[in-house]
Structure formats: C-alpha cells, structure tokens
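*Asks:* kindly generate the corresponding structure for this input.
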Amino acid sequence: MPRTRCLPSLAFVLLGVLQPGQADGDLHSEAVALNTKAAAAFEAGNLDAAAMHFRDLDKLVGHVLPLGLTNLAVVYTQANEHHKALKVYKKLRKKFPNDAAVAFQYCRFGANLLNMKRPPVQMAGELLETVCKRSLEMNPTDPEAAVLLGSIYTLAMQYDHARPILERAVKMSKGVKEHRAMYQQALTNLALSNLRGGRPKDALKFSRRLYKTFGGAATETYAHTRTVALPYDVESILLSIKARNTFVKALRHTGVNCPSGEWHMAWNITKVPESVPGTTITLLNPTEAYLSFGEDYAVQFAGELLLPYLNEYHEHFVYRLDFEGGGNDAFVWGQAGLVHGKCTLIGGAYWVMYPTQEIAAIPEGVYVKAVTINDPVISLLPMYNAANFYHFVCEGLLRLLYVWDDFIADPTMKLLVPGVMPGATSLPRHIEQSLPLLNISRDRLILFNSEPNRVYHFTNKFTVVDWMAPAVDEHGSLGEDPWSPVYQPRGGLHMLRDRFHQVLREHGKYTTAKPWHIVYVSRRRGVRMIANEGTVISQIRASFGYKRVLIHTGDESFIDQVAMFQKAALVIGAHGAGLSNLVFCSPGASVMIFPMRPHVDHTYGHMASALGLHHWVVTEVSSYYYGNYGEINDKNIELIIETATTILESGPSSRADL
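*Replies:* Numbers count the residues shown, from 1 in each chain. Prediction:
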C-alpha cells in the first residue's frame, strides 16, 4: 500500500496557478512567504508551527486553491492526528468536489489508515469507496488511483470488485518507465487480493511474477503468499529471512535509537551480547529445551486424513534478554513493539513473520517523539496484534510468568503492556481484566502507544523473554513450518494454565468435579465464520442437553472464560482466537477443531499436544485461511455430533500428562 506523500513544493504551484485577478503581487508574496515558513517548519519536525502557517495560507488563498488545507491534512497525518486530518479532508471534498488531486489524496489517506489498521471511528467504508471511485473517475489514466481503489476493495473483503480494477492498474503501468513503482504496487495488491479472496493459485502466480520482476523488494510478498498457500513450505522461511535481511540492510532511519542510520540484524538471540553492549542472555529452560512432546496425543481425524498434520514437537529454547541501562539502553517501536538495541534489531520469535511495512511506516527521526522511561521494566512485548486475545494471553502473559519472581521481588519494576489501540478510547477488556486477577495494579503499568511516530527509550534495566524453535528438528514439525516461530513454549503454556487455575481457586470458581461440559466456541465475526452456526449449536444442544453445552462468545469476563474452559471435557470450534482458551482446559480434556484448507497454521494442534489435550480434526468442515466455512450441511452436523459422542464416551486418557 503506498504511503502518504511528503509535502509538495508549493511556491512554484502558487505562482503558476494563481491567475491575474485572483491575487495581486502582495498576495503572491505573502502566500509564498507563508508556504516557505510552513515547509521549513515541516522539514524541521515542528508540526505545530507548520499547521499554523498552513491554516494561515488557507485563509489567504483557500477561496481559489486547496493547497493550504491539503498540506494541513498532511501535517496532521504526520502527527498521527488522524481525526483532525479526516475533518480537513471532508472540508476539502465539500469545498472542491471536482478537484482530482483532492479526491486522490483523500483516497490515499484513507487507504493508508485502513492498511495500517488505524482508521478513525468516523471513517465509513462507503465514504472512502465513494471518494476513491471519484478519484479514479477524475484520474482515469493514473495507475495509482486504480491501485488505491482496488486496495480499498481488498481491505473491505470485496475481492471480486478489487481484482478487475487491480488488473487494470497492472495493464496501465506495465512497461511504462515512470510507472514502474506503481506496476510493483499493482502486482503486489493483485497477489494479495487473490490470496485473501480464496484464489491461492492465482496469488502464487502474481507474487511469483512480482518476485521475478522486482527481486529483493518483492521477496516479502512472495514469502507471505507461500506461507498461506503452501503447508510446510521451507522455501517461504528462506524467503522471509532474505526479505528481512534485505530490508534491514536498506534501512536508514535515524533517531535516538540509531543516530548513524546504519542498522544491523542480530538473528541469533544468543549472540546479542556480542553486538549490543551491556546485554546478557540467559537460557530459562535448560533441562526442557529440545525435549519431545505430543507422542502420546496423536491427532485423530473425523473424515479424510489431512496431511501433513504432525503432533510431535520439540520444546522451544526460552531466553531472557537483559539490558543493563545506563547508556546501554533498550528501545521499543513499531506496531508490535519490537525490542532493539542501538542500531541493532534483535531476532526472536517474531522477526521471521513480522511485516516490515510496520517499520517502513515509521517516519524519519525528526518526526519521531522519544518517550524516555527511567524505571526498570519487564516487557510483555513484542506482540503482533495486542488487541487480539490470543496474542496478549498466550504471548504477553506467558512472558511475564517466566520472570514472575523478579517482578514480585522488586516493587519499582514496571510492566510494558500494549496501550489503547488506535481508534479506541480504552484498553482491550482482556488486558483490563486479566492483570488485576494477578494482583497487578495500574500504577505498575507502562502503556505502549503503537503509533509509528513514537520510539520508547529505556534508560534503566530492561528485560524481555523470547523463544526460538530448535535449529535441528528431528520431527520436522517446527523446522519446516513457517508459522512455528510463534508457537509458544510448552513450559510457558503449563505455567499459564497452572497460574490461572490458582486464580480460579482464589475466587471460588475452580471446579473440582470431573470435567463434564461441552464448550462450543462461537465465531460470528470476521473470517472463518459458519453461516448456519445457530443451527449447528441447536442440534448439538439437542443431542447433549442445553445445560451441558456452553457457548463461548468472547463477551464473557476474563475470569468467566477461564472458568468455562477449566470445566470443559470437550471444546468444539473453528481455528481462531477463541481457541486460545484451550490453555485453561484441565489436563486430559479434548478439543475438536474445524481446520483450514490448506491447513497451514498448527497453532492449536501444537497447543493441544503441549498441554496434554486429545485433539480431533473434522476434515469435512474446513475453510480457507481468509475465507469462511459457509453452511455446514446436515450430514456434517451429524458427523460432528457422532465424533463428540465418541470422544465423550471414551473419556480422558490415563496417559494424560499431569
């Protein structure tokens, strides 16, 4: 997705466009002077002054030209004041409805926000679609206008509308030297539109063409497409590493975290002390790392076999990385909160899959606000999507438990946690509700703002826990799986279960009786939905009893979700964040998963194996990664019920790893 343009040079435009009768010589001179002041303030990073001068410029020439408001919107965007920018664009559209440049820039603004998942709450998709349609009508030969509209349709999951527009953009830009960058962007978005629209073969075709044409610059898109479309694809892992090495080599961002602008990548977390002074690395699970697990919990299929589907894994190597501070400081930036030393990005669980566009979107150092933290800190980051229940619970809280004793022992120690998400007004409920259950008060939290114009600078001790998959994988379940770097360590999952079972006991919500309930995990929003879920639930309840079948919606309080899964004998659900609660199931419980096709992400199969849960896969009910399950027919509903009956009648295995 193209980024917002920098400020244009307005002096020439003003002089060339203002006609006699529109402004006299004094007005020309005053307008040029204001433009010069505004541009200088912008380049110096003084966005408040730039905004003031552009407002004055609009008062001066806004009756005939949109330049003052257009650039005011750019200033607000650079300052991450997106609500203000949106108001300016709405004013511009009303004032200059037939100005092609205004429609074009408004469309780009909205597309960038949607792409970075930072839309203001007022931005309706239909408004943006209308603006972008109008932009293409007024810029019919501009491939970027077509790319933007196609991208909007892709982000709105209207893939049938997106593809022909993006194909048009490809034709307009192919072979045209001045449009080479747009040809790359058009091919990129066409590949992603096909990928998300359920056409993986076409996605692979376009991403392969993209990679062959543009090489290193297109490696990440090609790698991502293969990761989603091809199970156990070793080539995608190699491509992902290549893409990130290429990106870091070309990175020239300057700021407090790298004054020189010369960046390096420390892929091997165990070697970080060699390249980042004042750091120490500690292996936290020396007796468990690389041990095998899952052999006693072989996956069983209801329907045809789904291969490859492995259930034996090696335990990850879990490391604690400490920065001593006092000049040897840690920094955190980007949407996921990537931890790094000065000029050195640190590899870990996330870097193989982390989208480099998150760092590419970070503005130059002059526009970045450094937030200095002088307290000792333990970080729950990095976290790919902090607003997501799965990532916070199974990654963030898990990190904390590995260093829990240190946190309790030092009352001055703070926790770095995800803050209010862009466009929201409060912390996600799972963050608000889970930390108090661990007796963590709000005054011990530092809220990380993931807006790209901030870098957090930690001058005191800083600790982060991360994990790495073993380099030698005898089972072939991690080394050949592009998703495996983010599967959680088995030991951490056990700590998470044990700690929150203790929380249930402390609150009188722990069920001591043998697990009996069936928990159906509802998924009524987003991708991988079941169209007739109400019918499926009704028939399951008719077979097993209304009281026995509990429906998990995600709207329950955090502690009630923990309690619901702790007393579950069987969990039924589609691949999605709701299954994160498997970590709270009692040992020996069972899970029935509706898989993806191709089944490229084994997060919950890995979790089941790690926790000693018996897992079944109903292969007759499947969905593409970005698709939906559609309606489940009567035959397959009966298959679900028959499989559940078999599971419940067999009971928990005596081999359950307690």
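
*Asks:* contacts, neighbours, all on C-alpha from now
*Replies:* Will do.

*Asks:* ok, the residue nearest to Met596 when sequence neighbours are not counted - how many residues close by?
*Replies:* The spatially closest residue to Met596, leaving aside those adjacent along the chain, is Ser623, at 4.7 Å (C-alpha to C-alpha, 6 or more residues apart in numbering). Close neighbours of Ser623, defined as other C-alpha atoms under 10 Å, add up to 24.

*Asks:* confirm for me that Ser623 is in contact with Ala531.
*Replies:* No. Taking contacts as C-alpha atoms under 8 Å, Ser623 lies outside contact range of Ala531: 11.8 Å.

*Asks:* got any residues that touch both of these two?
*Replies:* Listed as contacting both Ser623 and Ala531 by C-alpha atoms under 8 Å, 6 or more residues apart in numbering are Tyr629.

*Asks:* before we move on, back to that, what pLDDT does the residue nearest to Met596 get?
*Replies:* pLDDT, Ser623: 92.

*Asks:* do the same with the one 10 residues further on
*Replies:* At Asn633, the pLDDT value in this model is 96.

*Asks:* for the longest helix seen in the chain, what is the distance to the chain centroid?
*Replies:* Secondary structure assigned by DSSP state H gives helix 25-43 as the longest helix of the chain. Here helix 25-43 is found 41 Å from its chain centre; the criterion is C-alpha atoms, centre = their mean, to the nearest Å.

*Asks:* how about it: buried residues?
*Replies:* By neighbour count on 16 or more other C-alpha atoms under 10 Å, the buried set for helix 25-43 is His28, Ala31, Val32, Leu34, Asn35, Thr36, Lys37, Ala38, Ala39, Ala41, Phe42.

*Asks:* likewise stretch 41-52?
*Replies:* Ala41, Phe42, Gly45, Asn46, Leu47, Ala49, Ala50, Ala51.

*Asks:* before we move on, what about stretch 200-215?
*Replies:* So stretch 200-215, judged by 16+ other C-alpha under 10 Å, has buried residues Pro200, Lys201, Asp202, Ala203, Leu204, Phe206, Ser207, Arg208, Arg209, Leu210, Tyr211.

*Asks:* for those, give me a markdown table that also has pLDDT and distance to Leu86.
*Replies:* Shown next, in a markdown table, are the buried residues of stretch 200-215 (pLDDT from 0 to 100; distance: C-alpha to C-alpha, whole Å):
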| residue | pLDDT | distance to Leu86 |
| --- | --- | --- |
| Pro200 | 94 | 35 |
| Lys201 | 95 | 38 |
| Asp202 | 97 | 36 |
| Ala203 | 97 | 33 |
| Leu204 | 97 | 36 |
| Phe206 | 97 | 34 |
| Ser207 | 96 | 33 |
| Arg208 | 96 | 37 |
| Arg209 | 96 | 36 |
| Leu210 | 96 | 33 |
| Tyr211 | 96 | 35 |
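
*Asks:* between those, which is closest to Ile559?
*Replies:* Pro200 (39.6 Å; C-alpha to C-alpha).

*Asks:* what about that closest one, distance to Pro164?
*Replies:* According to C-alpha to C-alpha, to the nearest Å, Pro200 stands 17 Å off from Pro164.

*Asks:* go on, Leu579?
*Replies:* Leu579 is 36 Å from Pro164, by C-alpha to C-alpha.

*Asks:* could you list every residue that touches the residue nearest to Met596?
*Replies:* Ser623 makes contacts with Arg528, Pro595, Met596, Arg597, Tyr629, as judged by C-alpha under 8 Å, 6+ apart.
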